[in-house]
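Visitor: I'd like to go over a predicted model; first the sequence, then the structure.
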Amino acid sequence: MTIRIGFIGLGNMGGRMARRLVDAGHDVLGYDPAAEAAANAGAHATSTISEVVAGSDHILLSLPDSHVVESVVLGEGGVLDSARAGQIVVDLSTAAPASTRMLHARLGEIGVELIDAGISGGAAAAAKGNLTLMVGGSEDALTQLRPTLDPLASKVFWMGGPGAGHATKLLNNFLNAVNLAASSEVMVAAKKEGLNVELVLEVINASSGANWATQNRFPSIVRGDYLEGGLTSQMMMKDLVLYLEHLLDIGAPSLNSAGPLSSFGLAIYRGLGDVISNRVVDAIGDLAGGVRLQTDPQL
């Protein structure tokens with residue numbers, strides 16, 4: 001049986017994921033407020049959300065936050081208005097687990113499964129189909145989704161019931177923010193000290209301070225390549241706030257959030273909110289007197 005796929009939200013990540021599905025031979029119906037987005041992704045453009053829902057078995061969402069997801073699902077002309085029993089909705093957004101569980105219940109009332117699938121890997125991994133997915137919801141529904149998800153992800157983890165995937169995504173994103181902010185601070189200090197930053201980075205990556213940022217971001221940053229096109233500082237701040245709100249909901253402490261909140265808040269204050277979050281190192285460098293890790297930065 002041919003699986004009909006709909007994709008709502010064809011931006012930086014959604015567009016790349018939709019293109020992967022098209023290139024894998026799937027027919028994809030696409031909706032995005034930007035008229036050209038569907039064509040750029042190779043999808044069949046629709047003018048309404050209801051057209052996507054009516055013509056699809058699996059409906060994928062890649063949207064900015066829970067407020068937009070709720071509007072798309074529950075709003076007039078949204079997913080709930082047109083959905084039918086047996087469909088599966090996959091929310092690939094970074095969203096609040098409490099909102100996800102509410103939407104799961106609402107869609108479940110009409111026989112529609114909602115799967116929350118937090119993603120990690122960024123735009124480059126999305127383009128290559130090498131994303132990691134953290135999935136919450138029905139394990140049986142996840143099994144049905146595998147032909148749809150396989151072109152998108154090299155690793156898929158079922159984390160538990162509704163909201164578990166989005167909760168795991170928030171935990172991972174917090175560590176991502178901590179690693180990037182703390183590593184930026186250390187690398188600026190190394191440069192200020194007059195150390196060879198490439199050698200410092202080699203030492204760190206051979207030692208106990210190694211992390212994703214030092215291994216995958218800073219080898220490029222010290223050469224002047226900020227890996228533009230990925231998660232912005234504004235989006236990183238949004239994810240940090242979601243993380244803190246979730247911890248408040250579940251009654252868990254956050255003792256290490258001040259650092260990344262301050263760092264990415266500084267980047268936003270200095271006008272770097274809408275560029276890749278790796279530029280946080282320059283915001284911190286400004287406080288150190290205009291330090292840049294590389295001698296010929298690509299500004």
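Guide: Thanks, I have it.

Visitor: Ala38 against Ser47, yeah?
Guide: No. At 10.0 Å, Ala38 does not count as touching Ser47 under the criterion of CB atoms under 8 Å. Any C-beta I mention is one placed from the backbone N, CA and C, and that applies to glycine too.

Visitor: wait, Thr100 sits on Ile115?
Guide: No. In this structure, Thr100 is not within contact of Ile115 by CB under 8 Å, at 9.7 Å.

Visitor: So for these two, which residues contact both of them?
Guide: Asp91, Gly136 (CB atoms under 8 Å, 6 or more residues apart in numbering).

Visitor: so who does the residue lying closest to Glu70 once chain neighbours are set aside touch?
Guide: In space, and not counting its chain neighbours, Glu70 is closest to Ser99: 6.2 Å by CB to CB, 6 or more residues apart in numbering. The neighbours of Ser99, taking CB under 8 Å, 6+ apart as the test, are Ser66, Val69, Glu70.

Visitor: Now do the contacts for Leu201.
Guide: Taking CB under 8 Å, 6+ apart as the test, what Leu201 contacts is Met187, Thr214, Phe218, Pro219, Val222.

Visitor: ok, now with 6 Å
Guide: Phe218 (CB atoms under 6 Å, 6 or more residues apart in numbering).

Visitor: Just the strands from the stretch 51-200 of the chain, written as ranges.
Guide: With DSSP state E, counting those that start in this stretch, the ranges of strands along the stretch 51-200 of the chain come out as 58-61, 88-91, 113-120, 131-136, 153-160.

Visitor: Can you convert those strands into TSV and add a column each for mean pLDDT, distance to Asn12 and mean neighbour count?
Guide: As requested, the strands of the stretch 51-200 of the chain are exported to TSV (pLDDT from 0 to 100; distance: least, CB to CB, whole Å; neighbours: other CB atoms under 10 Å):
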stretch	mean pLDDT	distance to Asn12	mean neighbour count
strand 58-61	98	14	26
strand 88-91	98	17	27
strand 113-120	97	12	26
strand 131-136	98	13	24
strand 153-160	98	17	16
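
Visitor: Which one, of those, ends up nearest to Val281?
Guide: Proximity to Val281 (CB to CB) singles out strand 113-120 among the strands of the stretch 51-200 of the chain, at 21.0 Å.

Visitor: Partner strands of the closest one and their direction?
Guide: On the basis of DSSP bridges, the sheet neighbours of strand 113-120 come out as strand 88-91 (parallel), strand 131-136 (antiparallel).

Visitor: Would you mind giving the ones you listed as TSV with distance to Leu10 added?
Guide: Formatted as TSV, those follow (distance: least, CB to CB, whole Å):
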stretch	distance to Leu10
strand 88-91	15
strand 131-136	16
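
Visitor: So for Ala38 and Ser47, which sits in the more crowded spot?
Guide: More neighbours surround Ala38 than the other of Ala38 and Ser47, with 23 against 10 (other CB atoms under 10 Å).

Visitor: State whether the more buried one and Gly30 are indeed in contact, as I suppose.
Guide: Yes. Shown here, Ala38 and Gly30 form a contact pair, counting by CB atoms under 6 Å, at 3.5 Å.

Visitor: quick one, which of the strands of the stretch 51-200 of the chain is nearest to Leu293?
Guide: Nearest of these to Leu293, taken as CB to CB: strand 113-120 at 25.1 Å.

Visitor: Output that closest one as CSV, nothing but the C-alphas.
Guide: This file holds the C-alpha atoms of strand 113-120, laid out as CSV (Å, rounded to 0.1, in the frame of the first residue of the first chain):
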residue,chain,number,x,y,z
GLU,A,113,-2.5,9.0,16.8
LEU,A,114,-0.1,11.8,17.6
ILE,A,115,3.6,10.9,17.8
ASP,A,116,6.0,13.4,19.2
ALA,A,117,9.4,13.1,17.6
GLY,A,118,12.1,15.4,18.9
ILE,A,119,15.0,15.7,16.4
SER,A,120,18.7,16.2,16.8
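
Visitor: So which residues make contact with it?
Guide: Residues contacting strand 113-120 (CB under 6 Å, 6+ apart): 88-92, 100, 103-104, 107, 131-138, 141, 165-166, 168-169, 172.
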